[in-house]
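Student: give the three-dimensional model of this entry:
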Amino acid sequence: MTEQLSADDWIRQGLKALAKSGFTALKADPLARSMGVSRGSFYWHFADLGAFQAAVLKRWREIAAEQIIADVEAAGEEPLKALLRRSFGARLELERAVRNWAAFDAAAQGAVRAIDRRRLDYIEGLLEKRGLSPTAAQARAQILYWTFLGFALSGAPVSAARLQALLDEVLTMVSA
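Tutor: Numbers count the residues shown, from 1 in each chain. All right, here's what the predicted structure looks like:
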């Protein structure tokens, strides 16, 4: 690689390694080798491994919650339906990897708790906008989120047609 790497380059590579190989892949040496540079470049941008991991978790929160919410809001269709399609239709290797990491690391656990809260608050708001009471919206948001987590963590392949039928049913259930 002839051009100088940025912190963002390292974070993107970290996310790829995390999704592919898990949190144990988040180390300077293997990442540097995969990028064709010395680990000195890593330490130019990050004080230590903890700072790098914090940056990776921050970016995950941005792409796994804030970017999805922004995309849903900009989609121009019914937000809950767009959210279901976007969330259940996404590649979820990174979601599984971060949640696995959280079982071993307090910082990752904190990031997961924060994203869970952000996502639940957003879903509750969407359900309230559809006319549900705050109590019903909170309960259905939790059920819907547990459904997503079960799907994400199962890793079981589902055909596009089957997934759409399931999402239609889920939408009917939370809207009833």
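
Student: any idea how far residue 96 is from the residue most central in space within the chain?
Tutor: Nearest residue to the geometric centre of the chain (C-alpha atoms, centre = their mean): residue 64, 3.1 Å. Computed as C-beta to C-beta, to the nearest Å, the residue 64 to residue 96 distance reads 12 Å. Quick note: C-beta positions are derived from backbone N, CA and C, even for glycine.

Student: need the helices for the protein, in chain order.
Tutor: Ranges of helices in the chain, per DSSP state H, are 7-21, 28-35, 39-45, 49-61, 67-74, 79-88, 93-102, 106-129, 134-154, 160-175.

Student: what angle separates the second one from helix 7-21?
Tutor: In this case it means helix 28-35. 100 degrees (axes from the mean of the first three to the mean of the last three C-alpha atoms, to 10 degrees).

Student: show me the shaky parts of this protein.
Tutor: 1-3 (pLDDT under 70).

Student: mind doing that once more with 80?
Tutor: Along the chain, the model assigns pLDDT under 80 to residues 1-3, 155-156, 176.

Student: tell me the buried residues in stretch 140-151?
Tutor: 140, 141, 144, 145, 147, 148, 151 (16 or more other C-beta atoms under 10 Å).

Student: what of stretch 119-130?
Tutor: In stretch 119-130, counting by 16+ other C-beta under 10 Å, buried: 119, 122, 123, 124, 126, 127.

Student: what's the closest of those residues to residue 78?
Tutor: Comparing the buried residues of stretch 119-130 against residue 78 with C-beta to C-beta picks out residue 126 as the nearest, at 9.1 Å.

Student: hmm, the closest one is touching residue 83, no?
Tutor: Yes. Assessed by C-beta atoms under 8 Å, residue 126 is found in contact with residue 83 at 6.8 Å.

Student: returning to what we had before: let's have the buried residues of stretch 140-151 in JSON lines, adding distance to residue 169.
Tutor: Below are these laid out as JSON lines (distance: C-beta to C-beta, whole Å):
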{"residue": "140", "distance to residue 169": "14"}
{"residue": "141", "distance to residue 169": "17"}
{"residue": "144", "distance to residue 169": "12"}
{"residue": "145", "distance to residue 169": "16"}
{"residue": "147", "distance to residue 169": "10"}
{"residue": "148", "distance to residue 169": "14"}
{"residue": "151", "distance to residue 169": "13"}
